[in-house]
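just need the structure, nothing else, for what follows:
(one chain, ligands or ions: 1)
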Amino acid sequence: MILPVVAYGDPVLRKIAEPITKDYPNLDALIQNMKDTMYGASGVGLAAPQIGLPIRLFLVDTEPFAEDDEYSKEEQEQLKNFQRTFINAEILQEEGDEWAFNEGCLSIPDVREDVFRQPKVTIKYQDEDFKTHTEVYDGLIARVVQHEYDHIEGILFTDKLSSLKKRLIKGKLANISKGKINADYRMRFPLQKKKR
Ligand code: NI
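Purely as a prediction, here's the structure:
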């Protein structure tokens, strides 16, 4: 089932998300619904706060990047096969010189900006069976994981922009909160006036 994506301005996107246990109600269905929502919106990642739940759960699927000729065959193969569910994730280390990548976010439609992040990340998380893994990612996979991880820490990519860039997109962000935006997937806007 496709769920509405929570738009910029909703306080749930600013909460530090809570860990969950195996007993979390209807977890399998929730994960399936989040997958339906992510794929329905052509996203490469989705975090639970974006569907209104402040819990430490996010999905990543970098397959859509695999078609980009900019990457080597080996990188394309990695991107194609990277699908993960991250539960209770904890970033243990970030390394290397920051690099810029043009990021977007399903909660912030029509805004894309270069964001600087370190290229390598070590993360500990539990999978859908609550098995614990520690993995090291780099490049674009690390990038998407860092973006989604930020969501469970209450951080959005727009927080990481220069004060000039922030000023330039301020009006656009205010419009998104009010629902004055056309997204081609279902959304929920915190400041939208109720229709009579
Ligand atoms: Ni996002």
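
how about the residue most central in space within the chain, what does it touch?
The chain has residue 148 as the residue nearest its centroid, 3.4 Å off, counting by Cα atoms, centre = their mean. Contact analysis of residue 148 by Cβ atoms under 8 Å, 6 or more residues apart in numbering lists 45, 46, 47, 58, 59, 60, 86. To be clear about C-beta, it is placed using only N, CA and C from the backbone, and glycine gets the same treatment.

show me which pair in those residues is furthest apart.
46 and 86 (10.9 Å; Cβ to Cβ).

sorry, back to before: what is the subsequent helix or strand relative to the one helix or strand the residue nearest to the centre of the chain maps to?
Applying DSSP states H and E as the criterion places residue 148 in helix 139-152. Next helix or strand after helix 139-152 toward the C-terminus (DSSP H and E): helix 163-178.

what about dumping the CA coordinates of that following helix to PDB?
Extracted in PDB, the C-alpha atoms of helix 163-178 (Å, rounded to 0.1, in the frame of the first residue of the first chain):
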ATOM      1  CA  SER A 163      23.300  30.400   4.400                       C
ATOM      2  CA  LEU A 164      23.100  32.000   1.000                       C
ATOM      3  CA  LYS A 165      21.600  28.800  -0.600                       C
ATOM      4  CA  LYS A 166      19.200  28.500   2.400                       C
ATOM      5  CA  ARG A 167      18.000  32.000   1.800                       C
ATOM      6  CA  LEU A 168      17.500  31.400  -1.900                       C
ATOM      7  CA  ILE A 169      15.300  28.300  -1.300                       C
ATOM      8  CA  LYS A 170      13.400  29.600   1.700                       C
ATOM      9  CA  GLY A 171      10.300  30.600  -0.300                       C
ATOM     10  CA  LYS A 172      10.200  27.300  -2.100                       C
ATOM     11  CA  LEU A 173      10.400  25.400   1.200                       C
ATOM     12  CA  ALA A 174       7.500  27.500   2.700                       C
ATOM     13  CA  ASN A 175       5.400  26.700  -0.400                       C
ATOM     14  CA  ILE A 176       6.100  23.000   0.000                       C
ATOM     15  CA  SER A 177       4.900  23.100   3.600                       C
ATOM     16  CA  LYS A 178       1.700  24.700   2.400                       C
END
